[in-house]
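Novice: Need coordinates for the following:
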Amino acid sequence: MPKVLVIGIDGVRPDVLAEVPTPNLDALAAEGAFTARARTSLPSVSGPAWSSMLTGVWPDKHGVTDNDFTGKRYEEFPDFLTRIEMVRPELHTFAVADWPPLMNADDGRPTLGVTIDERRPLDGFELGWVEADTRSVELAVEHLGSADPDALFVYLGNPDETSHHFRSIGEEYRAAIALADEHVGLLVAAVRARATYAEEDWLILSSTDHGRLANGNHGGDTPEERTIYYLVSGPSASRGEITDSTYIVDLPVTALAHLGIEVDPAWRLDGKVVGLAR
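Specialist: Prediction:
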């Protein structure tokens, strides 16, 4: 039975990631495929980048070009969990995120749509980002242990906010990446602790929305800002380094493919399947 867990970690530079001890992400990469040379959208800021990662299309289609989310076209280009609900409503979907714009919107059209079966919005600005990420993971772990989800998205915002706060990619930022890796380990352990795990085919995908400059800023077209990592892990994943050109829009298409959902050309998705062995 195919199932998918997508872990999005905000604002991680792949070259810094490589310098931080991350045993859990490393173990996933060893059981799958990885590249530190994937590319994100432009501008390299969270609104358009998360929209691209979740919908599988570039900003010229989903309409989000900044963190105000003006011009969004999520009715035409919904997130992949909402897409699952549209075509396979019998599948159970779950999302948790502590960056409020992903889950809340004044017009009722957030990035992660309202038809997702289980939506758990948190506020990192209110709770503090370490606490909010910790709670996000706790909610996802609880759900993995008590329910039967088919597709999950878990967002971790602390690394990005830490870099912004300290205006650096130094010690504090690296500690935040290490903490995110610990959270990844908790999520993976929860997946593998499921009573039905032996009958399930879990694919774990992880990526980030953008990199950053040495001063913590981002938004431009430099390699430091636009280069991201892309990880696919599990029995159905290919093995080794991904050498094909890989983009942020490939992640949701890969998730859908693993679930056996054929992409309709009418959806006009820009992504392709990357990292699946079959």
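
Novice: Residue 218: how many residues sit nearby?
Specialist: Look at residue 218: counted by other C-beta atoms under 10 Å, it has 25 neighbours. No exception for glycine: its C-beta is placed from N, CA and C like everyone else's.

Novice: A helix includes it, no?
Specialist: No - counting by DSSP: H, G, I helix; E, B strand; the rest coil, residue 218 falls outside a helix, being coil.

Novice: What are the neighbouring residues in contact with it?
Specialist: By C-beta atoms under 8 Å, 6 or more residues apart in numbering, the residues touching residue 218 are 11, 44, 45, 210, 211, 212, 225.

Novice: again, only this time at 6 Å
Specialist: Contact partners of residue 218, counting by C-beta atoms under 6 Å, 6 or more residues apart in numbering, are 44, 210, 212, 225.

Novice: Can you pick out the most distant pair from the residues you listed?
Specialist: Farthest-apart pair in these is 44 and 212; separation 8.4 Å (C-beta to C-beta).

Novice: What distance do you get for residue 12 to residue 19?
Specialist: As judged by C-beta to C-beta, to the nearest Å, residue 12 and residue 19 stand 12 Å apart.

Novice: For those two, indicate the residue with more neighbours.
Specialist: A count of neighbours by other C-beta under 10 Å puts residue 12 above the other of residue 12 and residue 19, at 29 against 11.

Novice: shouldn't the more buried one be in contact with residue 207?
Specialist: No - the pair residue 12 / residue 207 is not scored as a contact, 8.6 Å apart, by C-beta atoms under 6 Å.

Novice: list the residues that contact both of these two?
Specialist: Counting by C-beta under 6 Å, 6+ apart, residue 12 and residue 207 have no common neighbour.

Novice: In strands, which of the contacts of residue 218 appear?
Specialist: Among those, DSSP state E puts none in strands.

Novice: As TSV, those with neighbour count, pLDDT and distance to residue 248 would be great.
Specialist: Compiled in TSV, the contacts of residue 218 are given as follows (neighbours: other C-beta atoms under 10 Å; pLDDT from 0 to 100; distance: C-beta to C-beta, whole Å):
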residue	neighbour count	pLDDT	distance to residue 248
44	26	97	10
210	28	98	9
212	26	98	15
225	21	97	13
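
Novice: quick one: which of those residues is nearest to residue 233?
Specialist: Relative to residue 233, the closest of these is residue 210; by C-beta to C-beta it sits at 21.9 Å.

Novice: show me what contacts the closest one?
Specialist: Contacts of residue 210 (C-beta under 6 Å, 6+ apart): 40, 44, 49, 218.

Novice: same check, this time on residue 16
Specialist: Residues in contact with residue 16 (C-beta under 6 Å, 6+ apart) are residue 169.

Novice: Please report how far it lies from residue 227.
Specialist: Counting by C-beta to C-beta, the gap from residue 16 to residue 227 is 11 Å.

Novice: before we move on, what about residue 49?
Specialist: From residue 49 across to residue 227, the span is 12 Å (C-beta to C-beta).

Novice: ditto for residue 187
Specialist: As for residue 187, its distance to residue 227 is 24 Å (criterion: C-beta to C-beta).

Novice: Could you report the neighbour count for residue 42?
Specialist: 18.

Novice: Let's see the pLDDT reported for the residue nearest to it when sequence neighbours are not counted.
Specialist: Sequence neighbours aside, residue 221 is the residue nearest to residue 42 in space, at 5.7 Å (criterion: C-beta to C-beta, 6 or more residues apart in numbering). Note on residue 221: pLDDT of 97.

Novice: Neighbours of residue 221, how many?
Specialist: Neighbours of residue 221 using other C-beta under 10 Å come to 9.

Novice: how about the strands in the stretch 151-278 of the chain?
Specialist: Assigned by DSSP state E, counting those that start in this stretch, the stretch 151-278 of the chain shows strands spanning 151-156, 201-207, 227-233, 240-241.

Novice: in its sheet, what does the shortest one sit against?
Specialist: In the sheet containing strand 240-241, the strands it pairs with under DSSP bridges are strand 32-39 (parallel).

Novice: in a helix, that's where residue 47 is, yeah?
Specialist: Yes - using three-state DSSP, the assignment for residue 47 is a helix.
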